[in-house]
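Visitor: structure here, sequence nowhere to be found:
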(Lines give C-alpha, C1' and ligand atoms only; values in the text may rest on other atoms or scores of the structure.)
Protein backbone atom coordinates (compact mmCIF):
# COMPACT_ATOMS: atom_id res chain seq x y z
CA UNK A 1 0.00 0.00 0.00
CA UNK A 2 1.37 3.42 -0.97
CA UNK A 3 0.14 6.75 0.35
CA UNK A 4 0.59 9.80 -1.89
CA UNK A 5 -0.84 13.21 -0.91
CA UNK A 6 -3.36 11.66 1.45
CA UNK A 7 -4.69 9.34 -1.22
CA UNK A 8 -4.15 5.64 -1.06
CA UNK A 9 -3.24 3.58 -4.05
CA UNK A 10 -2.96 -0.16 -4.20
CA UNK A 11 -0.04 -1.37 -6.22
CA UNK A 12 -0.67 -4.71 -7.86
CA UNK A 13 2.08 -6.71 -9.47
CA UNK A 14 1.83 -7.00 -13.23
CA UNK A 15 0.17 -10.16 -14.42
CA UNK A 16 2.80 -12.71 -15.15
CA UNK A 17 3.23 -12.88 -18.87
CA UNK A 18 3.61 -16.27 -20.43
CA UNK A 19 5.95 -16.46 -23.40
CA UNK A 20 4.04 -17.41 -26.55
CA UNK A 21 6.32 -20.31 -27.33
CA UNK A 22 8.46 -20.94 -30.34
CA UNK A 23 7.90 -19.09 -33.59
CA UNK A 24 9.62 -20.69 -36.55
CA UNK A 25 10.29 -19.05 -39.91
CA UNK A 26 11.35 -20.53 -43.23
CA UNK A 27 13.83 -19.28 -44.34
CA UNK A 28 15.18 -19.32 -40.81
CA UNK A 29 17.53 -16.35 -40.61
CA UNK A 30 17.36 -13.80 -43.44
CA UNK A 31 16.33 -13.01 -46.98
CA UNK A 32 18.52 -11.15 -49.45
CA UNK A 33 17.29 -8.90 -52.24
CA UNK A 34 19.80 -8.85 -55.09
CA UNK A 35 20.15 -6.24 -57.83
CA UNK A 36 18.65 -4.94 -60.07
CA UNK A 37 16.56 -3.00 -57.59
CA UNK A 38 14.37 -1.46 -60.30
CA UNK A 39 12.57 -4.80 -60.71
CA UNK A 40 10.02 -6.03 -58.21
CA UNK A 41 11.32 -8.97 -56.17
CA UNK A 42 9.04 -11.06 -53.96
CA UNK A 43 10.10 -13.67 -51.42
CA UNK A 44 7.84 -15.83 -49.30
CA UNK A 45 8.35 -16.47 -45.61
CA UNK A 46 6.47 -19.18 -43.76
CA UNK A 47 5.70 -18.26 -40.13
CA UNK A 48 4.74 -21.17 -37.85
CA UNK A 49 3.43 -21.00 -34.29
CA UNK A 50 5.19 -24.01 -32.77
CA UNK A 51 3.89 -23.21 -29.28
CA UNK A 52 0.74 -24.24 -27.49
CA UNK A 53 -0.88 -20.80 -27.22
CA UNK A 54 -2.44 -18.41 -29.71
CA UNK A 55 -0.14 -15.56 -30.75
CA UNK A 56 -0.40 -12.28 -32.61
CA UNK A 57 2.37 -11.23 -34.97
CA UNK A 58 3.22 -8.12 -36.99
CA UNK A 59 5.92 -6.95 -39.38
CA UNK A 60 7.17 -3.40 -39.07
CA UNK A 61 9.23 -1.47 -41.62
CA UNK A 62 10.72 2.01 -41.70
CA UNK A 63 10.12 2.40 -45.44
CA UNK A 64 6.58 1.40 -46.44
CA UNK A 65 7.07 2.70 -50.01
CA UNK A 66 10.03 0.39 -50.63
CA UNK A 67 9.15 -2.79 -48.72
CA UNK A 68 5.74 -4.41 -48.98
CA UNK A 69 4.46 -7.18 -46.72
CA UNK A 70 1.28 -9.17 -47.29
CA UNK A 71 -0.26 -9.90 -44.85
CA UNK A 72 1.43 -7.37 -42.51
CA UNK A 73 -0.02 -8.91 -39.32
CA UNK A 74 -2.17 -11.73 -38.06
CA UNK A 75 -3.04 -14.22 -35.36
CA UNK A 76 -1.81 -17.80 -35.35
CA UNK A 77 -3.41 -20.63 -33.42
CA UNK A 78 -1.14 -23.35 -31.99
CA UNK A 79 0.65 -25.30 -34.74
CA UNK A 80 -0.83 -23.02 -37.42
CA UNK A 81 1.25 -21.31 -40.10
CA UNK A 82 0.91 -18.49 -42.60
CA UNK A 83 2.75 -17.72 -45.83
CA UNK A 84 3.81 -14.08 -45.97
CA UNK A 85 4.98 -12.31 -49.15
CA UNK A 86 7.77 -9.75 -48.75
CA UNK A 87 8.35 -7.52 -51.77
CA UNK A 88 11.00 -4.98 -52.63
CA UNK A 89 9.11 -2.48 -54.75
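Guide: Structure received. All values derive from a computational prediction rather than experimental measurement.
Visitor: and the closest residue to residue 80 other than its chain neighbours, how many residues sit next to it?
Guide: Counting by C-beta to C-beta, 6 or more residues apart in numbering, the nearest residue to residue 80 once its immediate chain neighbours are dropped is residue 49, at 5.5 Å. Every residue, glycine included, has its C-beta placed from N, CA and C. The local packing count at residue 49 equals 22, with neighbours defined by other C-beta atoms under 10 Å.
Visitor: quick one: contacts for the closest residue to residue 77 other than its chain neighbours?
Guide: The shortest distance from residue 77 to any residue other than its chain neighbours is 5.4 Å, reached at residue 54 (C-beta to C-beta, 6+ apart). Under the criterion of C-beta atoms under 8 Å, 6 or more residues apart in numbering, the contact list for residue 54 reads 75, 76, 77, 78.
Visitor: now secondary structure, pLDDT and distance to residue 33 too, for the residues you listed, in CSV please.
Guide: Compiled in CSV, the contacts of residue 54 are given as follows (DSSP: H, G, I helix; E, B strand; the rest coil; pLDDT from 0 to 100; distance: C-beta to C-beta, whole Å):
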residue, secondary structure, pLDDT, distance to residue 33
75, strand, 93, 28
76, strand, 94, 26
77, coil, 94, 31
78, coil, 93, 32
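Visitor: just the closest of those to residue 42, please.
Guide: Within the set of these, residue 76 lies nearest residue 42; the separation is 21.5 Å, counting by C-beta to C-beta.
Visitor: can you pull the contacts of the closest one?
Guide: Listed by C-beta under 8 Å, 6+ apart, the contact partners of residue 76 are 47, 48, 49, 54, 55, 56, 57, 82.
Visitor: thanks a lot, catch you later.
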